[in-house]
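Q: sequence plus the predicted model coming up.
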Amino acid sequence: QVHLEESGGGLAQAGGSLRLSCAASGRLFNNYGVGWFRQTPGKQREFVGRITASGDSTVYADSVKGRFTISRDNAEKMVYLEMNNLKPEDTAVYYCAARLYGGGTTRGSYDYWGQGTQVTISS
């Protein structure tokens, strides 16, 4: 089992950058795939990107490709979402999620979730 906690959200201007962190606790974190999702009021939780357990592969949603980068430090049990060239439509609550030996592009492919961190981008 793993516990996740996001941080780093806040207010930024369009064109700016933010880095979100996902801190994990629990054993064997290096065996968990991690995904990032986001959600705005009244909408479904949307896939942003994911990284494999080893960190050797990432996948991104088309809406963030080329602007967002996911990385991880298994020794520190941390996963990061670097967000550049932010747009007002990136405004959402961002969540990290984990699954042992897995994790894909859908909400159902993750078992553990953080509480989320709010990101607000002003135009």
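A: Sure thing, it's come through. Numbering: from 1, shown residues only.
Q: nearest spatial neighbour of the residue most central in space within the chain, skipping sequence neighbours?
A: Taking CA atoms, centre = their mean as the criterion, residue 36 is the residue nearest the geometric centre of the chain, at 2.6 Å. Computed as CB to CB, 6 or more residues apart in numbering, the closest residue to residue 36 that is not its neighbour in sequence is residue 48, at 4.2 Å. C-beta coordinates here come from the backbone N, C-alpha and C atoms, glycine included.
Q: wait, that neighbour touches residue 64, no?
A: Yes: taking CB atoms under 8 Å as the contact criterion, residue 48 and residue 64 are neighbours in contact, 5.7 Å apart.
Q: on that earlier part again, quickly list what the residue nearest to the centre of the chain is bridged to.
A: Following DSSP bridges, residue 36 is listed with bridge partners residue 49, residue 96.
Q: any idea which element residue 72 lies in?
A: Mapping residue 72 onto the secondary structure by DSSP states H and E places it in strand 68-73.
Q: what ranges does this structure have for its strands?
A: Defined through DSSP state E, the strands belonging to the chain, from first to last, are 3-7, 10-13, 18-25, 32-39, 46-51, 58-60, 68-73, 78-83, 92-100, 112-113, 117-122.
Q: identify the residues contacting the longest one?
A: Residues lying outside strand 92-100 but in contact with it, judged by CB atoms under 8 Å, 6 or more residues apart in numbering, are 2, 4, 6, 9, 20, 22, 24, 28-29, 31-40, 45-46, 48, 79, 81, 103, 107, 109-119.
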